[in-house]
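S.K.: sequence unknown, structure follows:
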């Protein structure tokens, strides 16, 4: 078509798309000559829009006629038979490629999808996959696509054969492998399913197995993967050349060390004469890079270069250290905090803008942000400021999660029966970082109301201030516990002071009055005697508490590292009805023990004593420590372990003496035939939990199942402590930070118990809504 | 109520009845139902004027139904498919609106705490600013361009106030170089916003605190020239940190 | 039995219940040596020499049977080194040698390769070990003994020549490259008048000089393109068959071709994807393709005479010719005889429940069939009338 | 007071003695940048003056301030005056030792996200753009 002046443009074949749209993408306009390559670029432009399957230019006199055939649009797209790849991932992938309902359909992207899916399944070892797209034409230039996927079975690994290994047996080498031949746990661990990534990972494990044991010039000679004609069995064979064992002859550190050589040498985990180990070399260079990143060299490079001396079988190792420029942090930008205020995050930051880059401070900040409990995930990434080689911006991406719960509802726990409770707890009220909770709950044996507010940053440096108002009325009689009624009102102010980066002290001063009424004949005699000795029914006390806390946990809801140490001393100060001191200490720690298992050990001890003018009395029983229950020794009802007393009195050779329970907890001729537990002034608890990485729970990120062993008991005084009266129980417990609040269900079986416990045993315990 | 009369099968209705059905739901502010019907309409009748209008109404329904992400992708698809429709300027405007008031939480909006928007992630504000900028660039004389420019100024002031808020934070934490950098960022990027005065004040205050009286005096003179009545000129300790006692009062909103 | 639908493999053609054998085949004897190939996917084949049948298994058994009666002349099982693991876990019995490169015998020397890269030279009369050599990869196919050399190929594509008396290595050719993914098993080596022929894992038919291992010529059997490694699978895993001076070989996803031995010039070739060995018998060539259809070709021109799909998708073994029947084994342990004239089913016997993968061995009027679990049986056709 | 813990506020340029000694008039701005890095204070209203300032207040005590002022005359260094902050690196390390966590912060073993990683759509081969993930350096105890 030779060039001509275009007087008018007409477009044929448009149904869905408006002429205006075509004009915007068209590069030709009326009145100017049309040359051959201009026509060409116009056609290409129209194809670019991916709206047309065919574009041809034609000439009718001086009008340019553009004939287009519109691509059909996709009316319906469904996928069948995909199990390995989840539906919504697949749809997202297809959408990003342009294959979604309402989009224009083009054959090319459908082929690309088919190829992509097939290679995805080959990567997963499913070599018999069939991906068949069916495209059916509909009216009004529309098309329905149905992609049928027949995944087939995975190629099972029948044999892994390592040839040429003299110094180690196949079994030793293959311990770290992810792929294995079918064994008992294969149905769950799927380790006998062949996949290319797993294999390349295993070959690296094989290589490092040797290189970490001195075989410096170990070579992976060849590795073959063969499959059976029916593609259902895979065989993996690798042949290795072990080579000789090398020892390190000399180590040099070259380049600008920025630190005295003595300090840097301490980070080299290899010494002259040691066996060569690649893991140690890599660990040394990582450690050096980490140390340099702590003093501003965020982009430091440390390259180890081993020189092998084949006949003396020694390795001369040189570390080239290139620290690069000292890097400063220009800006810290938070992303994702649409509800939490910027200041709440920024005040946790130990790395300041304008300061030199300090990796330790940044890692510490990540832990502090995770300890807040406001965020599901916290990721801190450094990005270079373009145009400047020594400045970096920190981008902190956080995913917020509701750090509290708005709760109206009915709770149930066996010992408290139906709990009607309403509570608003918000650890991050309106994003200001303050903790506020107001709750009221009523069950058939206790009613309580509680209002508390705490602002952790009253001053910039982190002094916190808070108030707590509480009212509770409980009568344990209806449960199996000691039959007396308490009616307690209290108000306290507390102040938190950080004393180091990890530790904090909390001082609290409070006023409380507690009315106790005991019922003769129903309440254990010991208690009524105690009240008569004191002489007053209501115990007014003002008490001061000092609590020291050291928190190194790496997460608020589901920690896997670190732990918490806590010690608090509460004293009912002189002028209170009964002057006593109450000490409570707790230490716990989390260890990941590999494979997704996390071990958690926890120890608690509580000790109370009267002092001063009241030291002649025992420790007041309403302040007693209790043992047993879902957050204590599981398998026993709440607060039922520890000393138990009968009601009523008998006369023994002339003296009226309270009835004492016999061996299996039975009280002769007293109103209740069972002895009532009243807790004690000394309490011990030990608990070991192993969190299990159950596959089906992996998506709920705050639900964990643990196998636990609890031991503990309460004693009247510390002298009565006796190891073989410690109760032990074991079982399984589910802890889930559900949207409505913390939920705990545990199934426990007492292992070591006494005869008198049999009425207090409780297999299944659960509670929700109360902070565990 | 609206649930039941939707019973007739959406797949049988002709296109105009379907559109009318969706439109009434939109009128009655039953956005979820409207959204469902519009989506069926677009899927069944992708070509023709109804589909175009349905796509725009779908974006609006999703925006009102408080699903900003879906609304954003729907409005983007409208702009891609119908770049020359006569409502496309409204589509750009709606795209800006979606991200406009996204950072204020529901509680804050109900409590009317204006300050909350300047203290949170500015990502969405930046996105809204760029979308409005594109609208005023492409359609300078559209009916929505004027309102878009107003909103751009508002957004720019919000972002400037955010920077000043962070600068004040660093000032109170005695990190003077950080506060100076943030203040300088405002002076360089947000000259026309009213909070440039506060920025200059913080910059002068920071320079004074890091032993640079000459620089501080220079900034003070610039501030005095442009904003003679600024509190910093009279009281060098400005901006003062809220007193501890005020913060100790719960819900005082002063921290 | 497991469902095929879920596995996307074509379901095997069921065998007709009311099948009447048109020829009466007699099972002469059957025996079992060790556990056969087990799960290693190796194609073990007995070897025959002057009235004796030598059989090996991957769990360390090797035996010589009397070809006529099936009586065991001698049997050696390598010392089962039991390995007691800590905490008293079941002691796993560890065979010394996993015999995999099917035994081959010449004169009084019996050579067999193993899965951990060793080659053992045994005394054919008594089974005592004379020498053993260590190579770098699995020996999956029977070596070839010619002159004073034993030529062995290993799975990583290398070919070695060992001295027949001492097992010392004379030369090694590691020219072959093996693709990332290939089919299990290798074709046997064919050594004849100074040249070694073999099909490689990347779809070529190559010939090496026997004296120094240099490559003489190479003939492409399969193109081997395709987008994924599965499409690129093109192993020539069948043995190379010599008939006069022409060689016949086939490749997976490739073609069956006839090549002139000395010069390597291709005579004819036709598209025929097969991973098993063809067999030649009086101017006919029989082969099984990867859909398990039995084909018969005219060996001169390669035109196909007949095709039988009665046993389609039953994962047939390589065919062998006994009398005027071709013999194949299938994956359920059935042995089938098809008429060489028109390919119709003539007889059917059941050896065991396990698959038969290796090619039946025909000696005189007897055929020896071995399945993957080590069962061996001998069948004899009735005297042709 | 020292009892209350206040994190250190260490700010501004930390220069090395041997770099500052190489400063001599006549250098261009580019050369100074390579030698000392970006100045922490560059007042917007005076292009020719760079201040390498550093303030260092340990645990809330009064900050020690150093500032090295460089004045340029259209891109050529003319005068340098004042002192600079040159802290010994191992002392800085000892001070930030208090932030060290006993475990590697990015270790996800046992973490709930431990399960087989869900398929990330854009990491599904070349479907969408390749998802990028660059975590900050791990700094755990060895």
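M.R.: Sure, I can see it. Nothing here was measured: the structure is a model prediction, and the numbers come from that model.
S.K.: going forward, measure contacts and count neighbours with C-alpha atoms only.
M.R.: OK.
S.K.: Name the surrounding residues that touch stretch C:290-308.
M.R.: Outside stretch C:290-308, the residues within contact range by C-alpha atoms under 8 Å, 6 or more residues apart in numbering or on different chains are A:229, C:252, C:268-270, C:273-275, C:280, C:283-289, C:309-316, C:340, C:342-344.
S.K.: do stretch D:92-111 as well
M.R.: The list of residues contacting stretch D:92-111 from outside it, by C-alpha under 8 Å, 6+ apart, reads A:294-295, A:360-361, A:363-364, A:366-367, A:501, A:552, A:554, A:558-562, A:592-598, A:693, D:114, D:138-141.
S.K.: Return a PyMOL selection command for the buried portion of those residues.
M.R.: Once 16 or more other C-alpha atoms under 10 Å in any protein chain shown is used to decide burial, the buried members of the contacts of stretch D:92-111 can be selected in PyMOL as follows:
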select buried, (chain A and resi 294+295+360+361+363+364+366+367+501+552+554+558+559+560+561+562+592+596+597+598+693) or (chain D and resi 114+138+139+140)
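S.K.: from the contacts of stretch D:92-111, which ones fall inside helices?
M.R.: When helices are assigned by DSSP state H, the members of those inside them are A:360-361, A:363-364, A:366-367.
S.K.: buried stuff in the helix or strand where residue A:650 lies?
M.R.: Secondary structure here is read from DSSP states H and E; on that basis residue A:650 sits in strand A:649-652. Buried residues in strand A:649-652, counting neighbours by 16+ other C-alpha under 10 Å, are found at A:649-650.
S.K.: what is the rounded mean pLDDT of that strand?
M.R.: What strand A:649-652 shows for mean pLDDT is 77.
S.K.: show me what contacts residue 70?
M.R.: Picking chain A for this. Contacts for residue A:70 were tallied using C-alpha under 8 Å, 6+ apart; they are A:13-17, A:51-54.
S.K.: my question was about chain D
M.R.: Going by C-alpha under 8 Å, 6+ apart, residue D:70 touches D:49-51, D:77-81.
S.K.: For those residues, work out which two are farthest apart.
M.R.: Across the contacts of residue D:70, no pair lies farther apart than D:51 and D:78, at 13.6 Å, counting by C-alpha to C-alpha.
S.K.: More neighbours: which of the two?
M.R.: Regarding residue D:51 and residue D:78, a neighbour count based on other C-alpha atoms under 10 Å in any protein chain shown identifies residue D:51 as having more, with 24 against 16.
S.K.: Now do residue 123: how many residues are near it, please.
M.R.: Defaulting to chain A. Summarising burial for residue A:123: neighbours were counted as other C-alpha under 10 Å, giving 15.
S.K.: wait, chain C
M.R.: Residue C:123 has 17 neighbours, counted by other C-alpha under 10 Å.
S.K.: Quick check: it touching residue C:132?
M.R.: No - Residue C:123 is beyond contact range of residue C:132, at 11.9 Å (criterion: C-alpha atoms under 8 Å).
S.K.: The stretch 251-400 of chain A against chain B: which residues are in contact?
M.R.: With C-alpha under 8 Å from any C-alpha of the partner chain as the criterion, the stretch 251-400 of chain A comes near chain B at residues A:334-343, A:352-354.
S.K.: where do the strands sit along the stretch 151-300 of chain C?
M.R.: With strands called from DSSP state E, counting those that start in this stretch, the stretch 151-300 of chain C shows them at C:159-163, C:169-173, C:181-183, C:190-192, C:195-199, C:204-209, C:215-220, C:241-243, C:246-249, C:255-260, C:266-271, C:279-281, C:284-288, C:294-298.
S.K.: Would you mind telling me which of those is nearest residue B:32?
M.R.: strand C:181-183 (52.8 Å).
S.K.: Residue A:734 bridge partners, please.
M.R.: residue A:705, residue A:745 (DSSP bridges).
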